[in-house]
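S.K.: next comes the sequence, and after it the predicted model I'd like to discuss.
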Amino acid sequence: MNDQHHGPIGSLFLKRFFEWMTFTPAVSFLLTHSSLAQTRTPITAAEQRKTILASLFLSALLLAGGAPARARPPISKEYQIKAVCLFNFAQFVAWPAATFHKPDDPFRIGVLGDDPFGSFLDETVQGEKVDGHPLVIERYDSVADAKDCQILFISGSESNRLEDVLDALKDSPILTVSDMEGFSQRGGVVRFLIEKNKIHLKINLAAAKRSGLDISSKVLRLADIVEPGRD
């Protein structure tokens, strides 16, 4: 599996990313002994921005308690972290070569249904690019409108029609993400799961491969791999 698509910024920011999500002895060992912890590269202005963003959320690892975010309406710390996760997925997943028609086509992160992120998600990706593609945030009421996005967060408001949504997207190169219970079991690719006040990932690798997505092994080894029919 190719882990090079995320570019030079990846190692530092991915390390921060998983420090928020899980910090068990096993994960700590993986981080310490992997290339993530051994990378030593000069930090550019763009990297400094990402590092500052990471630092802002490090204190939000424990999701209960603390002051609400400044956004209006207030966005919970949980969804602040999940917004940064969506940004990171854009850098640590490879899409099929035919996904983009032009080198500067936008990279779309979509939200289907009720939006738990507010403007915070827009602010997280503002001015960012992935392999030259500017990141944009789009919001959809219909799955038919979401078929051109690369990452799609499916809100809990869509639980009653989740099977129809996933069926409509099953042949599309879209990384589906949600925090709905049983999401991976039902065919979604990435599920956010809260355990002991920390965010963990469950990944349906078969669903990812079916969509033509190549998820970095650095992400996979820090996630729980879900078999179809189990979550």
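M.R.: The structure has been received and is ready for your questions.
S.K.: look up which residues are beta-bridged to the spatially closest residue to Val190 that is not a sequence neighbour.
M.R.: Distance criterion C-beta to C-beta, 6 or more residues apart in numbering; nearest residue to Val190, sequence neighbours excluded, is Val177 at 4.5 Å. Where you see a C-beta, it was placed from the backbone N, CA and C, and this is true even at glycine. On DSSP bridges, the residues paired with Val177 through beta bridges are Phe153, Val190.
S.K.: run a quick neighbour tally on the residue nearest to His133 when sequence neighbours are not counted.
M.R.: Excluding its sequence neighbours, the residue lying closest to His133 (C-beta to C-beta, 6+ apart) is Phe107, at 4.0 Å. Using other C-beta atoms under 10 Å, Phe107 has 21 neighbouring residues.
S.K.: ok, Phe107 - contacts?
M.R.: Contact criterion C-beta atoms under 8 Å, 6 or more residues apart in numbering gives 90, 100, 129-130, 133-136, 150 as the residues in contact with Phe107.
S.K.: among the residues you listed, which are in helices?
M.R.: Among the contacts of Phe107, the ones falling in helices (DSSP state H) are Ala90.
S.K.: got the contacts of Phe107 as CSV, with pLDDT, neighbour count and distance to Ile194 columns?
M.R.: Below are the contacts of Phe107 laid out as CSV (pLDDT from 0 to 100; neighbours: other C-beta atoms under 10 Å; distance: C-beta to C-beta, whole Å):
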residue, pLDDT, neighbour count, distance to Ile194
Ala90, 94, 22, 22
Phe100, 94, 16, 34
Lys129, 94, 15, 31
Val130, 93, 19, 27
His133, 96, 20, 31
Pro134, 97, 15, 31
Leu135, 97, 23, 26
Val136, 97, 15, 28
Gln150, 98, 24, 25
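S.K.: save the contacts of Phe107 as a markdown table, and put in distance to Glu78 too.
M.R.: Putting these into a markdown table (distance: C-beta to C-beta, whole Å) gives the following:
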| residue | distance to Glu78 |
| --- | --- |
| Ala90 | 20 |
| Phe100 | 31 |
| Lys129 | 27 |
| Val130 | 24 |
| His133 | 28 |
| Pro134 | 27 |
| Leu135 | 21 |
| Val136 | 23 |
| Gln150 | 23 |
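S.K.: that's all I had, so thanks and see you.
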